[in-house]
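Participant: sequence and predicted structure, then a few things I'm wondering about:
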Amino acid sequence: MSALEIKELSVSVEGKVVLHGFSLLIPSGEVHALMGPNGAGKSSLANAIAGHPSYKIERGDILFNGSSIVDLLPDERARLGIFLSFQYPAELPGVSVANFIRAAVEARSKEHVSATEFYKKLYECMDFLHIDRSFTSRSMNVGFSGGEKKRFEILQMLMLRPTCALLDEIDSGLDVDALKIVAEGFNSMRSAGMSALLITHYRRLLHHIVPDAVHVIGGGHVVRSGGLELVDSLERGGYQSVGT
């Protein structure tokens, strides 16, 4: 089980409340999409779930597998299996791709991973995502294109095997081919044991990763929920058509 439940969550950043009584349940095995205009609170929600220290929980709760995680540090949440793919992945000069991912894998498992075992799995995942193996020695995200950075976010997800994935605009900056590869990487992870939240603005991602439910956020809370027909409605009438 890897259910994620957000209960009447209010969150502030630098004294400004950005989520107002936000509630959402993502059962184990389901993928939900979250859409909404810029500034509606989508990224704030993802950061609050992951435990970013700048996002203060004013009230409400976040439950993962039935237990509250609001008092846990970000690394403790990550060890539980919560993974956040960043909208703007950071560059880490001097930290190689291989060393960064290996450190993350060992922190998640709390076990030493042999170099042979690690590189076998890493190369398999890189090949699957059409990433040249020479990238292993390059500094993480330094000089990478926007699409390459997003592909490396999915590479980390494949290596870490999270039970709850939060993907914040993983489709931004991707061309058609890269979007398909990223979607295939995510879909290879879908299982009854993983829950996921896709934050996106566009219908095109949801052609490749079909969600079980779609939610629209406005004013810091959910204003409408439905299926892909809701996305089609947004395409025709914009966010104002659903009350944001």
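Facilitator: Nice, thanks for sending it over.
Participant: residues of stretch 129-140 that come out buried?
Facilitator: Residues of stretch 129-140 classed as buried under the neighbour-count rule (16 or more other Cβ atoms under 10 Å) are 129, 131, 135-136, 139-140. Where C-beta positions appear, they are placed from N, C-alpha and C, glycine not excepted.
Participant: out of those residues, the closest to F118 would be?
Facilitator: Using Cβ to Cβ, T136 comes nearest to F118 of these, at 10.4 Å.
Participant: and the pLDDT at the closest one?
Facilitator: Note on T136: pLDDT of 96.
Participant: excluding chain neighbours, what is closest to it?
Facilitator: A98 (4.2 Å; Cβ to Cβ, 6 or more residues apart in numbering).
Participant: show me which of the buried residues of stretch 129-140 is closest to L179.
Facilitator: Using Cβ to Cβ, L129 is the member of these that lies nearest L179, at 12.3 Å.
Participant: contact partners for that closest one?
Facilitator: Shown in contact with L129 (Cβ atoms under 8 Å, 6 or more residues apart in numbering): 151, 154-155, 158, 181-182, 185.
Participant: the residues you listed into a markdown table, with extra columns for neighbour count?
Facilitator: Below are the contacts of L129 laid out as a markdown table (neighbours: other Cβ atoms under 10 Å):
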| residue | neighbour count |
| --- | --- |
| R151 | 22 |
| I154 | 25 |
| L155 | 21 |
| L158 | 20 |
| I181 | 19 |
| V182 | 26 |
| G185 | 20 |
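Participant: and which of these is nearest G94?
Facilitator: Among those, and counting by Cβ to Cβ, the member closest to G94 is L155, at 19.3 Å.
Participant: hang on, that closest one packs against E124?
Facilitator: No. Assessed by Cβ atoms under 8 Å, L155 is found out of contact with E124, at 10.7 Å.
Participant: does F135 touch M126 like I think?
Facilitator: Yes. If you go by Cβ under 8 Å, F135 and M126 touch, sitting 7.2 Å apart.
Participant: next, count neighbours for E76.
Facilitator: Close neighbours of E76, defined as other Cβ atoms under 10 Å, add up to 12.
Participant: typed the wrong thing, it's G41
Facilitator: Neighbours of G41 (other Cβ under 10 Å): 24.
Participant: isn't it up against V222?
Facilitator: No. Judged on Cβ under 8 Å, G41 makes no contact with V222 at a distance of 10.1 Å.
Participant: identify the contacts common to these two.
Facilitator: Here G41 and V222 share the contacting residues F22, scored by Cβ under 8 Å, 6+ apart.
Participant: doesn't S233 lie inside a strand?
Facilitator: No. Judged by DSSP: H, G, I helix; E, B strand; the rest coil, S233 forms no part of a strand; its state is helix.
Participant: hmm, it is touching V242, no?
Facilitator: Yes. The pair S233 / V242 is scored as a contact, 6.7 Å apart, by Cβ under 8 Å.
Participant: any idea of the mean pLDDT in whichever strand or helix holds K150?
Facilitator: K150 is part of helix 146-160 when elements are defined by DSSP states H and E. Averaged across helix 146-160, the pLDDT comes to 93.
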